[in-house]
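>>> just coords:
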């Protein structure tokens, strides 16, 4: 179990950053410690640690689920983490063809999205 917690903590730090994880652990109480350990082992080690899905896909799925569940603060946290990891605003934007059949990379949507993310 200690190995799972250690691996989960490493993955969590790689996704959310040391500062966030340190704040979370510092705020842990005797009451919340078992839950914090459970989440670290089961979400971070078991789910995020699986090699069956590309990290970028997992990030996009996480953003979709958090948005659908109306989890604004967690959504902001994961958007920042995704951008820090190299995900671009254009990644989740559906690619469409223009009138000449050329793929429009969504420049207009990307510019608007970058402005909105700057407000987070």
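Perfect, thanks for sending it. Only a predicted model underlies this, so the values are computations on that prediction, with no experimental measurement involved.
>>> Could you give me the buried positions within stretch 53-65?
For stretch 53-65, burial by neighbour count (16 or more other CB atoms under 10 Å) applies to 58-60, 62-63. C-beta: built from backbone N, CA, C; applies to glycine.
>>> Revised request: answer the last question for stretch 19-34.
residue 21.
>>> residue ranges for the strands of this protein, please.
96-97, 103-104 (DSSP state E).
>>> any idea how far residue 65 is from the residue nearest to the spatial centre of the chain?
Centroid-nearest residue in the chain: residue 78, 3.5 Å away (criterion: CA atoms, centre = their mean). With the distance defined as CB to CB, to the nearest Å, residue 78 ends up 10 Å from residue 65.
>>> Likewise for residue 50?
Here the criterion is CB to CB. By it, residue 50 lies 16 Å from residue 65.
>>> Then residue 37?
From residue 37 to residue 65 the distance is 22 Å (CB to CB).
>>> And for residue 72?
Taking CB to CB, one finds residue 72 at 13 Å from residue 65.
>>> again with residue 79
From residue 79 to residue 65 the distance is 13 Å (CB to CB).
>>> With residue 7 instead?
From residue 7 to residue 65 the distance is 23 Å (CB to CB).
>>> before we move on, what about residue 45?
Taken as CB to CB, the span from residue 45 to residue 65 is 19 Å.
>>> Also residue 41?
Taken as CB to CB, the span from residue 41 to residue 65 is 20 Å.
>>> Same check on residue 55?
In terms of CB to CB, residue 55 sits 16 Å off from residue 65.
>>> Could you do residue 53 as well?
In terms of CB to CB, residue 53 sits 13 Å off from residue 65.
>>> again, but for residue 14
With CB to CB as the criterion, residue 14 and residue 65 are 20 Å apart.
>>> Show me the shaky parts of this structure.
1, 91-120 (pLDDT under 70).
>>> Many thanks, we can stop here.
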